[in-house]
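Visitor: Please work out how this folds:
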Amino acid sequence: MTPFLSKLKESWQRLSILDLAALVFAIFGAVAAIVGLQGKLYGLAKFLAACCAVYLLFRLISWGRTRLLWSLRNRLIVAYVFIAVVPILLILILVILAGRIVYSQLGAYLLYEDIHDRVEMIRDISEHIAAAHSAPRPAGLTEQESEEVLAAQSHTVHDRELPGLDIAFSNDTTLLRNVSGPAGNAFAGILQQGDSLSLISIRAMPRPKEIRVVTLRVPITPEFLASIAPDLGAVQLNLMDQYLPGAGRGVVYTSGSSQYVLAKPIVARARGLQRPMFWLDTSVEVVSRLDAAYLGHDGRVESPWPVLAVFNARPSRLNARIFTSLGELRDTYLLLFLGLGILFLLIEIAALITGIVLTTRITTAVSDLYNATQFVRARDFSHRVHVQHRDQLGVLGDSFNEMTGSITNLIEEQKQRQRLEGELTIAREVQNQLFPQQVPHVPGVEIEAICKAARTVSGDYYDFIQLSPTHIAITVADISGKGISAALLMASLQAALRSQVLAPGTEHLSTAELVARLNNHLVRNTGDDRFATFFIAVYDSATRTLRYTNAGHLPSFLICHGKSVRLDKGGMVLGVVEDYEYEEGKLSVPAGAILVGYSDGLVEPENVYGEEFGIRRVEDAAIRVEASEPRVVAESLMAAAEEWAGTPEQADDMTVIVARLR
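Guide: From the prediction side, this is the model:
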């Protein structure tokens, strides 16, 4: 199966029942829309399909966001985009929009000012003519000739700025009254009459018997538009007409409570947009409004009447117009602005590079750590993360390398521990074979023994060996140290003991002589720091005689009728002084007496106050259960020691032997 099909199958399996239902409804609705099925049922199906499509779209967006943002690299990139790039883009967009608004307003202002400068110019001309007309005429000139002279002078001076200037004198004040009102005596502005547009200035010149009117008119033609606002590009003035409902004459322009439609455009002749000075010098398209007075065919006047001015311009030409007013510091301001812009650009580039470098370092370190975890997951602990930088991520990589190295060491140690535990288990099994496997059958003797090792193997040793039909040897010993070394010395002592007591006639051998032989064996075959405490007793059931020797061991005791006799005759521990002479103790055993032997692990447990359990408490615990079976007595002593310590954990090996001598 190809990776694409595998991913497709995985995505399909992750769809819920709701997702599948929405997908089915969306497909059904799409088919119904394509086929063109009609009816209320199909309409409802299409509506449900649209809802399901919206749901699936949101699910797809959520799935895509999850897939996109799973990688830390993508998360950092998205975060950097929203933190650093998006605000800058928004600021740039805001600056561009603000710039276009400013340039639009500046272009509209230039057009407005240029047109109204010409309006003011013809106003001034009309005032000059009116003033000259009211002055005495030169001799020999009629009024008409004087007016012609005034008009000729004005043409001579202003025909270049006012192409098509027309100056007319009349006694008809109708137009003046219509545009300025009954009480007005002058008007200057833009006038639309039908499909014509012109700059007009009308002024009344009162006479003793009549009112004379001078009218200056400059028609707004393509040639006129070509001469105004040279910093702008193509210029077009759109004459408007009253909108009549149902006329269907194009786009409706609303101004206040009135509606208008385009009547006639006037386009500047041979006027186009200038060439850009650089690639960012894009065109600015502007629509502005000029207010005019509208004179209808019936003499009706409406003011203000909109005239829409449409033009374009280059920001570079408008900038030149703006910065012409900076005077001597113009170049300094421009250089300062340019320098700050370059500095800002360099800072932004440096920030962008820094962000990319930091993001790359972070994502590379995290990717390396993630890949390293995959090696660990595959149980390959030899892989190491390559650390390039000594920062916190680098220290994290070092820590990961140390961790994998520690895991490798721990695994090796675990394997060694497992091997050692296996060996200890085998040693435990071997040691268990060294302990008595069955109780000897000696008339009148019942024996039980319990040995609890503090570790896997024990350094305590106990044994009971039948020497003859009526003789039995009972032994308990404690080897110095713990663990394997003590167990090995215990095995050596057990082998030496059995080699001595199993020879014929040893039932009559002195226990002191036997212990002396064992002492010489340990002195010669162990180091100076190795020794053992040892107790051995030989009981003859026929004569009820007990012979014993205690080599530095805690004194065993004989209990009968609530009294305890400690067996402490012997000498020092084994393995220290060669050819040491030991003493043998001997006593007669009353019927029903109990012999108790034990190791120091039974008397050394301490309570919370630091007090040892002690030999005396062991004796008291044995006396309390004197009448019980040997197994019960042994278990009671173990339980009493553990109860005294308050915890089942052992600090040392614990061994106890109980023999009932009937």
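Visitor: which residues of the stretch 351-500 of the chain fall in helices?
Guide: Assigned by DSSP state H, counting those that start in this stretch, the helices in the stretch 351-500 of the chain fall at 392-434, 483-501.
Visitor: Report the angle between the helix or strand that comes right after the shortest one and helix 483-501.
Guide: In this case it means helix 483-501. Next along the chain after helix 483-501, taking DSSP states H and E as the criterion, comes helix 511-525. Here the directions of helix 511-525 and helix 483-501 differ by 130 degrees (axes from the mean of the first three to the mean of the last three Cα atoms, to 10 degrees).
Visitor: and after helix 511-525, which helix or strand comes next?
Guide: Where DSSP H and E defines the elements, the next helix or strand beyond helix 511-525 is strand 532-540.
Visitor: List the buried residues in whichever helix or strand comes after that next one.
Guide: Reading on from strand 532-540 to the C-terminus, the next helix or strand found by DSSP H and E is strand 545-551. Of the residues in strand 545-551, those buried under the neighbour-count criterion (16 or more other Cβ atoms under 10 Å) are 546-551. Every C-beta, even on glycine, is put in place using the N, C-alpha and C of the backbone.
Visitor: what two of those residues are the furthest from one another?
Guide: The most widely separated members of the buried residues of strand 545-551 are Leu546 and Ala551, with 16.7 Å between them, by Cβ to Cβ.
Visitor: show me what contacts Thr282?
Guide: With contacts defined as Cβ atoms under 8 Å, 6 or more residues apart in numbering, the neighbours of Thr282 are 276, 315.
Visitor: Ile465 too?
Guide: Residues in contact with Ile465 (Cβ under 8 Å, 6+ apart) are 436, 440, 472-473, 475, 497-498, 501-502.
Visitor: give me the low-pLDDT residue ranges for the stretch 201-350 of the chain?
Guide: Within the stretch 201-350 of the chain, the stretches with pLDDT under 70 are 246-250, 323-331, 334.
Visitor: What segments of it are helices?
Guide: Under the criterion DSSP H, counting those that start in this stretch, the stretch 201-350 of the chain contains helices at 222-225, 315-323, 330-377.
Visitor: Throw those into TSV and include mean neighbour count and distance to Val576, thanks.
Guide: Rendered in TSV, the data for the helices of the stretch 201-350 of the chain read as follows (neighbours: other Cβ atoms under 10 Å; distance: least, Cβ to Cβ, whole Å):
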stretch	mean neighbour count	distance to Val576
helix 222-225	18	131
helix 315-323	17	110
helix 330-377	12	54
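Visitor: now those helices as CSV including distance to Thr156?
Guide: Written out in CSV, the entries for the helices of the stretch 201-350 of the chain read as follows (distance: least, Cβ to Cβ, whole Å):
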stretch, distance to Thr156
helix 222-225, 19
helix 315-323, 30
helix 330-377, 37
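Visitor: and the helices of the stretch 351-500 of the chain, which is most packed in?
Guide: Each of the helices of the stretch 351-500 of the chain was scored by mean neighbour count; the highest is helix 483-501, a mean of 19, by mean count of other Cβ atoms under 10 Å.
Visitor: tally of neighbours for Tyr474?
Guide: Just to correct that, residue 474 is Ile rather than Tyr. Per other Cβ atoms under 10 Å, the neighbour tally for Ile474 reads 24.
Visitor: Same check on Ala132?
Guide: Ala132 has 16 nearby residues by other Cβ under 10 Å.
Visitor: what's the pLDDT at it?
Guide: Per-residue pLDDT puts Ala132 at 80.
Visitor: How about Ser6?
Guide: At Ser6, the model reports a pLDDT of 66.
Visitor: Now Ala351. Nearest residue, chain neighbours left out?
Guide: The shortest distance from Ala351 to any residue that is not its chain neighbour, by Cβ to Cβ, 6 or more residues apart in numbering, is 6.8 Å, and that residue is Ala84.
Visitor: now Leu162, nearest residue through space, not along the chain?
Guide: The spatially closest residue to Leu162, leaving aside those adjacent along the chain, is Val218, at 4.9 Å (Cβ to Cβ, 6+ apart).
Visitor: ok, now which ones touch that neighbour?
Guide: Remark: with contacts taken as Cβ under 8 Å, 6+ apart, Val218 is in contact with 118, 122, 162-166, 198-200, 224.
Visitor: Among the helices of the stretch 351-500 of the chain, show the one with the smallest mean pLDDT.
Guide: Among those, helix 392-434 carries the lowest mean pLDDT, a mean of 76.
Visitor: Angles on the backbone of the residue nearest to Ala351, please.
Guide: Backbone torsions for Ala84, taken as degrees, to the nearest 10, come to phi -110, psi -50.
Visitor: Check it and give its pLDDT.
Guide: As predicted, Ala84 sits at a pLDDT of 74.
Visitor: Against Ile347, how distant is it?
Guide: When Cβ to Cβ, to the nearest Å is the yardstick, Ala84 and Ile347 sit 12 Å from each other.
Visitor: same check, this time on Asn525
Guide: In this structure, Asn525 lies at 86 Å from Ile347, with Cβ to Cβ as the measure.
Visitor: cool, Gly189 as well?
Guide: Looking at Gly189 against Ile347, where the rule is Cβ to Cβ, the gap reads 52 Å.
Visitor: what's the answer for Ile411, then?
Guide: For Ile411 relative to Ile347 (Cβ to Cβ), the value is 53 Å.
Visitor: which residues does the closest residue to Ile447 other than its chain neighbours bridge with?
Guide: Nearest non-adjacent residue to Ile447, counting by Cβ to Cβ, 6+ apart: Ala659, 4.7 Å away. The bridge-partner assignment for Ala659, based on DSSP bridges, gives Ile447, Leu595.
Visitor: so Ala659 touches Ile474, yeah?
Guide: Yes: contact status for Ala659 versus Ile474: in contact at 5.9 Å, counting by Cβ atoms under 8 Å.
Visitor: Tyr294: what's its closest spatial neighbour, skipping adjacent residues?
Guide: Trp305 (3.7 Å).
Visitor: from what I can see that neighbour touches Leu290, true?
Guide: No: when contacts are counted by Cβ under 8 Å, Trp305 is not listed as touching Leu290 (9.5 Å).
Visitor: so what's Thr2 scoring on pLDDT?
Guide: Thr2 is assigned a predicted lDDT (pLDDT) of 64.
Visitor: now swap in Thr66 and tell me
Guide: Thr66 is assigned a pLDDT of 65 by the prediction.
Visitor: just Arg361 next, same as before
Guide: We have a pLDDT of 77 for Arg361.
Visitor: That one and Thr354, how far apart?
Guide: Between Arg361 and Thr354 the computed distance is 11 Å (Cβ to Cβ).
Visitor: Nearest residue to Ser255 in space, please, no chain neighbours.
Guide: The shortest distance from Ser255 to any residue other than its chain neighbours is 5.3 Å, reached at Pro306 (Cβ to Cβ, 6+ apart).
Visitor: and the one you found, how many neighbours does it have?
Guide: The burial count for Pro306: 20, using other Cβ under 10 Å.
Visitor: Quick check, it in contact with Tyr260.
Guide: Yes: here Pro306 reaches Tyr260: they are 6.1 Å apart, a contact under Cβ under 8 Å.
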